[in-house]
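S.K.: Sharing a model that was predicted from the sequence below.
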Amino acid sequence: MQQHIDTLSAFIVGLIFGLGLVIGGMTDPSKVIGFLDIAGQWDPSLAFVMGGALIVGVVAFRFARQRTTSFLGGAMRMPAKNDLDPRLVIGSLLFGAGWGMAGFCPGPALASLGTGNTKAMLFVLAMIAGMAIFEGIERYRHPWQGDSSSPR
């Protein structure tokens with residue numbers, strides 16, 4: 001029974017997140033690129049979406065740090081690492097470059113799949129290919145560690 005509640009909760013939260021992305025305009029690549037084009041015709045409206053998300057995140061993390069279990073009874077796993085390493089910086093730069101070129105980041109691209117947007121489909125396929133290539137490289141570099149999804 002708990003498995004069904006967890007699955008339903010994840011679905012509802014994902015649906016709310018996806019709707020927020022659509023309502024906030026994050027699924028419209030032209031709006032995103034307009035926001036990132038600070039030298040041209042800059043559209044600052046997404047700054048309000050990001051600011052709202054930042055406020056919600058700060059408040060949520062403040063409460064989450066005080067808890068030992070989630071609302072559904074699972075263990076709370078908060079990040080223990082808070083330093084900047086080269087992998088994080090390089091990954092952030094690649095993420096930003098991809099976001100600026102395509103106008104999509106992973107969440108909005110997945111939400112845009114429901115609209116049949118061809119650009120979103122191509123982006124998601126490229127994203128999956130990139131994740132598979134990364135996984136292959138990590139398994140080649142660290143064959144003894146098994147699952148590369150665990151933190152290093």
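M.R.: Cool, the structure landed.
S.K.: What count of nearby residues applies to residue 42?
M.R.: 12 (other Cβ atoms under 10 Å). (Glycine included, C-beta is placed from N, CA and C.)
S.K.: Over to residue 120?
M.R.: 22.
S.K.: Over to residue 14?
M.R.: Neighbours of residue 14 using other Cβ under 10 Å come to 13.
S.K.: Equivalent analysis for residue 27, please.
M.R.: Neighbour number of residue 27 under other Cβ under 10 Å is 24.
S.K.: Give me the three-state assignment for it.
M.R.: coil (DSSP: H, G, I helix; E, B strand; the rest coil).
S.K.: what ranges of this structure fall below the confidence cut-off?
M.R.: Counting by pLDDT under 70, the chain contains low-confidence ranges at 145-152.
S.K.: How much space separates residue 32 from residue 105?
M.R.: 8 Å (Cβ to Cβ, to the nearest Å).
S.K.: sorry, that was for residue 119
M.R.: Taking Cβ to Cβ, one finds residue 119 at 13 Å from residue 105.
S.K.: repeat for residue 47
M.R.: From residue 47 to residue 105 the distance is 15 Å (Cβ to Cβ).
S.K.: just residue 112 next, same as before
M.R.: 11 Å.
S.K.: Compare those two (neighbour count), which wins?
M.R.: residue 112 (25 against 17).
S.K.: residues in contact with that one?
M.R.: Contacts here follow Cβ atoms under 8 Å, 6 or more residues apart in numbering; on that basis residue 112 touches 27, 104, 119-120.
S.K.: Which single one of these is nearest to residue 98?
M.R.: Using Cβ to Cβ, residue 104 is the member of the contacts of residue 112 that lies nearest residue 98, at 7.9 Å.
S.K.: Could you give the number of residues near that closest one?
M.R.: Around residue 104 there are 27 residues (other Cβ under 10 Å).
S.K.: Skipping adjacent residues, who's closest to it in space?
M.R.: Once flanking residues are discounted, residue 104 sits nearest to residue 123: 4.7 Å by Cβ to Cβ, 6 or more residues apart in numbering.
S.K.: The one you found and residue 109, how far apart?
M.R.: From residue 123 to residue 109 the distance is 5 Å (Cβ to Cβ).
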